[in-house]
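Trainee: Sharing a model that was predicted from the sequence below.
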Amino acid sequence: MNVLRLSVLVVIAAFWIAVPAMISAQSPQAPKAADTETIARGEAWFYQRCSLCHLGRIVKDEKFKPMGPSLSGLFKDASPTREADVREMIQTGTLSLSKPLRMPGFRYGLDSKQLDELIAYLKTL
Ligand code: HEC
């Protein structure tokens, strides 16, 4: 009797362990789209570091046009190398001694997690 009980318990325990493991092994590991929290953090970096030059301002004349281009649709129909190029460009900027002051680099101003979040946000524009 006791042996029977024990073996029933063992079978139940085996299912308890095996079934969730089988279910989790089956679920596909599809690449996750950035979650809303990540995008929200990226948006905060954008307003803090980028909006100064990349957002239009409400002005009554043309004297104070945004210094940088609009980033709307930056990743629309983008080539596969676009993301790497944009990352590189944000990190190095476009300052050079031979050109007038353009865009500063953010290599030391954004760590890699912040840059990921920023890119996730830029993809929503
Ligand atoms: C001081 C002003 C300034 C700031 C701050 C700035 N940018 Fe720029 N950005 C520019 C200018 C100007 C250009 C145009 C490139 C040039 O003329 O050198 C540019 C170009 C770009 C481009 C290329 C656009 C294209 O169509 O290829 C990207 C992407 C970009 N900026 C992203 C950013 C991001 C992200 C930030 C914030 C981390 C940022 N910029 C902060 C001035 C700025």
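Mentor: Nice, I can see it.

Trainee: Now do stretch 72-91: everything it contacts.
Mentor: Here stretch 72-91 makes contact (C-beta atoms under 8 Å, 6 or more residues apart in numbering) with 103, 105-107, 110, 115, 118-119, 122-123, 125. For every residue, glycine as well, the C-beta is placed using N, CA and C.

Trainee: Let's see that with 6 Å instead.
Mentor: Under the contact criterion C-beta atoms under 6 Å, 6 or more residues apart in numbering, stretch 72-91 has outside partners 105-107, 122-123, 125.

Trainee: restrict those to those near the ligand?
Mentor: Residues of the contacts of stretch 72-91 in contact with the ligand (C-beta under 6 Å from any ligand atom): residue 106.

Trainee: just the helices in this structure please.
Mentor: Along the chain, the segments classed as helices by DSSP state H run 2-26, 36-45, 51-54, 82-92, 112-122.

Trainee: For the last one, give the mean pLDDT please.
Mentor: Predicted confidence along helix 112-122 averages 96 (mean pLDDT).

Trainee: What is it packed up against?
Mentor: helix 36-45 (3 or more C-beta pairs under 6 Å, 6 or more residues apart in numbering; DSSP states H and E).

Trainee: what angle sits between the helix it packs on and helix 112-122?
Mentor: Counting by axes from the mean of the first three to the mean of the last three C-alpha atoms, to 10 degrees, helix 36-45 lies at 90 degrees to helix 112-122.

Trainee: thinking again about what came up before, give me the subset of the contacts of stretch 72-91 lying in strands.
Mentor: Assignment to strands by DSSP state E places none of the contacts of stretch 72-91 there.

Trainee: Can you tell me which residues in the protein are near the ligand?
Mentor: 49-50, 52-54, 67-69, 71, 74, 86, 89-90, 94, 102-104, 106, 118.

Trainee: I'm done for today, thanks for sticking with me.
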